[in-house]
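[1] 3D model of this:
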Amino acid sequence: MTKHPVLLYAAVACLLATSCTPVPMPEVREEVRQEPVDNVENMTVNIIVGGKSFKADIEDSETGRAFLAKLPLSLDMDELNGNEKYCYGVSLPRDEKYCSSIAAGDLMLFGSNCIVLFYGPAGGYSYTRIGTLQSTDGLAAALGSGSVKVRFEKG
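    Numbers count the residues shown, from 1 in each chain. All right, here's what the predicted structure looks like:
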């Protein structure tokens with residue numbers, strides 16, 4: 001007889017437990033949740049600059065959804081060409097298309113990590129569209145002529 005009967009009983013219990021027919025585990029599925037696209041508020045953001053707020057409609061795209069997932073964002077945006085503000089450092093999926101014409105109020109991605117907010121017409125480069133402002137009334141004045149802090153929040 002062994003000196004440690006408790007160990008013997010534990011070993012026998014383990015053998016019995018593993019010899020039983022395994023119970024099938026239910027299949028686990030990872031649920032992929034997307035915000036409904038028919039609810040316009042889910043795809044709308046507020047852009048706040050200089051105490052003024054602008055509404056923008058965000059594209060229902062991989063880039064648009066990734067942008068929304070990063071909100072809220074406060075960006076120090078620099079001036080370029082007298083028609084746009086830009087900020088590097090926000091990486092998003094891209095689907096660039098050549099833009100021969102860009103309008104004031106277009107919110108774009110240049111490359112894979114540069115957010116660009118246009119307040120004047122432009123064109124001639126490839127961008128991924130993030131969204132478009134509903135109105136540009138007062139946008140140029142709010143953005144000013146130099147660097148500016150711009151806040152993006154879910155609408």
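[2] where exactly do the strands run in the chain?
    44-49, 52-58, 73-80, 84-88, 97-99, 106-110, 114-118, 125-133, 148-154 (DSSP state E).
[3] what's the burial count for Pro93?
    Pro93 has 14 neighbours, counted by other C-beta atoms under 10 Å. Using the backbone N, CA and C atoms, a C-beta is placed for each residue, glycine as well.
[4] gap between Gly131 and Tyr98?
    Distance, Gly131 to Tyr98, by C-beta to C-beta, to the nearest Å: 19 Å.
[5] compare those two and say which is more crowded by neighbours.
    Relative neighbour count places Gly131 above the other of Gly131 and Tyr98, with 26 against 9, counting by other C-beta under 10 Å.
[6] the nearest residue to the more buried one once chain neighbours are set aside - how many residues pack around it?
    Leaving out its chain neighbours, the residue that sits closest to Gly131 by C-beta to C-beta, 6 or more residues apart in numbering is Ile58, at 4.0 Å. By the criterion of other C-beta under 10 Å, Ile58 has 24 neighbours.
[7] swap in the one 4 residues further on?
    Here the neighbour count serves as a burial measure; for Glu62 (other C-beta under 10 Å) it reads 13.
[8] one more: Val148?
    Neighbour count for Val148, taken as other C-beta under 10 Å: 17.
[9] for Tyr86, which residues make a bridge with it?
    For Tyr86, the beta-bridge partners under DSSP bridges are Asp78, Val116.
[10] quick check, pLDDT for it.
    pLDDT for Tyr86: 97.
[11] would you agree it is in contact with Leu109?
    No: Tyr86 lies out of contact with Leu109 (C-beta atoms under 8 Å); the separation is 10.3 Å.
[12] what touches both of those two?
    With contacts defined as C-beta atoms under 8 Å, 6 or more residues apart in numbering, the residues shared by Tyr86 and Leu109 are 115-116.
[13] more neighbours, these two?
    Neighbour count, other C-beta under 10 Å: between Tyr86 and Leu109, Leu109 has more, with 24 against 17.
[14] test my guess that the more buried one contacts Arg94.
    Yes: at 5.9 Å, Leu109 counts as touching Arg94 under the criterion of C-beta under 8 Å.
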